[in-house]
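In: A predicted structure for the sequence below; I have some questions about it.
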Amino acid sequence: MKINGIQEQLPLLLRQIFGSKVELVSYEIGNQHYDYLVLLIQLEHPSIKIVAKIAGPDAPLPCPFDRTAMLHRLVAQHTTIPMPEVLAVDVSYQTWPWRYFVKTHIPGQEWATVDNK
């Protein structure tokens, strides 16, 4: 795992997205590959469960999080399929040494599972 400084920087990212009162209650790893991490996170202030997908420059998957966010929004807008709300996305590497996609958590099954072995 290479994701540079994620444990130290995760609270800072959460404050950037949710404000200074946000509290990280717990998290678990949902998926992990080299330089790629999916975290299931429980927050307080706001009280919400989110999914954070984080990928560094050496992630084995292309991780086009901006396209994924656009597709989530289109499906939510044009269908009745329950979709998570896109909360934040950044693929620029300007603020962090990784790109990220943060969305609300909806229990259920993923549309597609990618296993890169």
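Out: That came through fine. Numbers count the residues shown, from 1 in each chain.
In: just to check, residue 92 is in contact with residue 99?
Out: Yes - if you go by Cβ atoms under 8 Å, residue 92 and residue 99 touch, sitting 7.4 Å apart. Every residue, glycine included, has its C-beta placed from N, CA and C.
In: okay, those two: which has more neighbours?
Out: residue 99 (20 against 9; other Cβ atoms under 10 Å).
In: ok, the nearest residue to the more buried one once chain neighbours are set aside - contacts?
Out: Counting by Cβ to Cβ, 6 or more residues apart in numbering, residue 99 lies nearest to residue 91, which is 4.3 Å off, once chain neighbours are set aside. Going by Cβ atoms under 8 Å, 6 or more residues apart in numbering, residue 91 touches 64-66, 99.
In: mind doing that once more with 10 Å?
Out: Residue 91 is in contact with 55, 63-69, 98-101, counting by Cβ atoms under 10 Å, 6 or more residues apart in numbering.
In: what is the mean pLDDT for the strand ranked longest in the chain?
Out: When the chain is parsed with DSSP state E, its longest strand is strand 23-33. On average, the pLDDT along strand 23-33 is 93.
In: Provide the strand pairings for the following helix or strand past that strand, with the direction of each partner.
Out: Using DSSP states H and E, the helix or strand that follows strand 23-33 in sequence is strand 36-44. For strand 36-44, the paired strands and their directions (DSSP bridges) are strand 23-33 (antiparallel), strand 48-55 (antiparallel).
In: can you give me the helices in this structure?
Out: Along the chain, the stretches classed as helices by DSSP state H are 6-18, 65-78.
In: between those helices, which gets nearest to residue 44?
Out: Residue 44 lies closest to helix 6-18 among the helices of the chain, at 10.0 Å (Cβ to Cβ).
In: alright, I will stop here.
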